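Participant: let me see the structure of the following:
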Amino acid sequence: MVFWTMRRRVRRNQGVDAIYMLGPAWHTLDIIEPLEAEFGVPVFHAVPTQCWDIQRHLGIHEPIKDYGRLLAERPDGITMSTRSVAAR
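Facilitator: Below you'll find the model as predicted:
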């Protein structure tokens, strides 16, 4: 059901740069790669994104296949936890 909903929404909004699925209770791990393959853009969901961030913080570079490009390619990047936040 989540796959078909996301697919429908992305088709209505052609030209997206990425797909972000909010909802950590959604069962989405098995639909990330099919969505990436169909639309050619990265797909982000809370659980694999958190896994990537934890590995990054621990200095672990272990690619994980079958759950999308983020975990398979393990790109380095900046997240909110690494940015300097201006003092208030």
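
Participant: can you give me the neighbour number for Asp66?
Facilitator: Using other CB atoms under 10 Å, Asp66 has 10 neighbouring residues. No exception for glycine: its C-beta is placed from N, CA and C like everyone else's.

Participant: not counting sequence-adjacent ones, nearest residue to it?
Facilitator: Closest residue to Asp66 apart from its sequence neighbours, by CB to CB, 6 or more residues apart in numbering: Glu33 at 6.5 Å.

Participant: right, and the helix or strand after the helix ranked longest in the chain?
Facilitator: What stands out as the longest helix in the chain, according to DSSP state H, is helix 46-58. On the C-terminal side of helix 46-58, the nearest following helix or strand under DSSP states H and E is helix 69-73.

Participant: list the buried residues for that following helix?
Facilitator: By neighbour count with 16 or more other CB atoms under 10 Å, helix 69-73 contains the buried residues Arg69, Leu70, Leu71, Ala72.

Participant: what do you get for stretch 49-69?
Facilitator: Thr49, Trp52, Asp53, Gln55, Arg56, Tyr67, Gly68, Arg69.

Participant: go on, stretch 34-49?
Facilitator: Buried residues in stretch 34-49, counted by 16+ other CB under 10 Å: Leu35, Glu36, Phe39, Pro42, Val43, Phe44, His45, Val47, Pro48, Thr49.
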